[in-house]
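Asker: Fold the following.
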Amino acid sequence: MAATTSLTSFATAARWLVRLRQRASTAAVPQLCHVTRLGTATTHSTALEDESVFHRVADRTIHALQERVEAIVDDHCDGGDVTYGDGVLTVFLGHDEGTFVLNKQTPNRQLWLSSPVSGPFRYDYGGTTGDAEADDDELDTLGNLWVSQRDGHKLVHKLREEFAQLLPSAQPL
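Answerer: Next up, the predicted model:
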């Protein structure tokens, strides 16, 4: 029964992709397009089509998060560690709490989060380049501009929720 269900799902997905490709060949399609887990086509913000702009906005977001997380880990996690290199932020909270990993996915113009609480998420930039130039609280500004296509939540909201769950005595992220 499970094999039949898997084959049926695969066949349905394959037919859907064939129809999507046929439509794409007859219409103007945005340059950056991907299919979400729910089977809906979404496009990335044109604000980040330029790779250098993507890197600037993604790096600012990751660095703003790194600053906040380092303070929390230093104060509330014995043996915790925060490292950043090559576009990957790794936050080890301890053996019981687990590890968060946030990294850039340049070809997709996305940030990917791996969470010990809720698993993997992909975030698309939902603002304009002007939105990313604000100088106030960078984490609040930038973290709210990265949106999950799976369910529409924002990166900073997910991280705040999960850090509060794992480290209830810590100051909010």
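
Asker: Can you show me the strands along the chain?
Answerer: 33-35, 41-43, 81-85, 88-94, 98-105, 110-115, 119-125, 146-148 (DSSP state E).

Asker: Out of those strands, the one nearest V73 is which?
Answerer: strand 81-85 (5.3 Å; C-beta to C-beta). The C-beta positions use only the backbone N, C-alpha and C, and glycine is treated the same way.

Asker: rewinding a little: okay if I get the strands of the chain as TSV plus mean neighbour count and distance to Q171?
Answerer: Formatted as TSV, the strands of the chain follow (neighbours: other C-beta atoms under 10 Å; distance: least, C-beta to C-beta, whole Å):
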stretch	mean neighbour count	distance to Q171
strand 33-35	13	36
strand 41-43	13	35
strand 81-85	14	15
strand 88-94	19	15
strand 98-105	18	17
strand 110-115	20	20
strand 119-125	18	23
strand 146-148	21	22
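
Asker: I'd like those strands as CSV, with mean pLDDT appended.
Answerer: As requested, the strands of the chain are exported to CSV (pLDDT from 0 to 100):
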stretch, mean pLDDT
strand 33-35, 41
strand 41-43, 44
strand 81-85, 95
strand 88-94, 95
strand 98-105, 96
strand 110-115, 96
strand 119-125, 94
strand 146-148, 93
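
Asker: Format these as JSON lines; extra columns: distance to A170.
Answerer: Below are these laid out as JSON lines (distance: least, C-beta to C-beta, whole Å):
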{"stretch": "strand 33-35", "distance to A170": "35"}
{"stretch": "strand 41-43", "distance to A170": "34"}
{"stretch": "strand 81-85", "distance to A170": "13"}
{"stretch": "strand 88-94", "distance to A170": "10"}
{"stretch": "strand 98-105", "distance to A170": "14"}
{"stretch": "strand 110-115", "distance to A170": "16"}
{"stretch": "strand 119-125", "distance to A170": "21"}
{"stretch": "strand 146-148", "distance to A170": "22"}
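
Asker: how about those, which one is nearest A58?
Answerer: strand 98-105 (4.7 Å).

Asker: The closest one vs strand 119-125, what angle?
Answerer: For strand 98-105 against strand 119-125, the angle by axes from the mean of the first three to the mean of the last three C-alpha atoms, to 10 degrees is 30 degrees.

Asker: Name the helix or strand of the protein that has the lowest mean pLDDT.
Answerer: strand 33-35 (a mean of 41; mean pLDDT, DSSP states H and E).

Asker: returning to that earlier point: of all the strands of the chain, which lies closest to H157?
Answerer: strand 146-148 (9.5 Å).

Asker: L102 against Y84, yeah?
Answerer: No - between L102 and Y84 there is no contact under C-beta atoms under 8 Å: 9.3 Å.
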